[in-house]
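Asker: sequence plus the predicted model coming up.
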Amino acid sequence: MSWTDERVEQLKKMWLDGLSASQIANELGDGISRNAVIGKVHRLGLSGRVKSPAPARPRARNDSETAAPSAPVVHGNLAVAVEARPAPAPAPRPVAEDVVVPISERVGIMDLRESMCRWPLGDPASPDFRYCGAKMQVGLGPYCAYHARIAYQPAMDRRRDRDRRAAARG
């Protein structure tokens, strides 16, 4: 099996006509497999074909949708970028205020109750190690509202903070 100039021209024509790799392989015959067709298509840079969008069921339009025509669906390395819209700015995160847990609320392991915040304060090896002890909020896990905000940050916020720290380092 070899790719002659004639076969390459047939491949290009059938590919641009919209035939699948399997159909082209069957048409060319002589031991040319579907994978051989796909490989040759990629080496020739023919992978980006415009496909007509599948007929979709009509749906109700929202008032916010515009009547602008949709761009054709393009796949592959020849895809054309559609007009980029700037991403909306993320909502500002509330500034985490420093919370001072009153000494009267701090509790040791023996005094910790089911309704108390289990946020650790200090070094566990230290004799004055305690837990927050503030009243837990229902649905926020084992912590009070303040410590739950610290413990359960959305993944995007963590990723953004990590990227900022990495950019600041160098």
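Answerer: On my side now, so go ahead. Residues are numbered from 1 along each chain as shown.

Asker: shouldn't D161 be within a helix?
Answerer: Yes. Under DSSP: H, G, I helix; E, B strand; the rest coil, D161 falls within a helix.

Asker: what separation do you get for it and V138?
Answerer: Separation of D161 from V138 (C-beta to C-beta, to the nearest Å) stands at 28 Å. For glycine as for every other residue, the C-beta is placed from the backbone atoms N, C-alpha and C.

Asker: state the pLDDT value of the residue lying closest to P120 once chain neighbours are set aside.
Answerer: Distance criterion C-beta to C-beta, 6 or more residues apart in numbering; nearest residue to P120, sequence neighbours excluded, is Y131 at 6.1 Å. pLDDT, Y131: 86.

Asker: what do you get for Q153?
Answerer: 71.

Asker: what do you get for the one 5 residues further on?
Answerer: Per-residue pLDDT puts R158 at 68.

Asker: over to G45?
Answerer: pLDDT at G45 comes out at 85.

Asker: count of neighbours near it?
Answerer: 10 (other C-beta atoms under 10 Å).

Asker: relative to T4, how far out is it?
Answerer: The gap separating G45 from T4 is 19 Å, by C-beta to C-beta.
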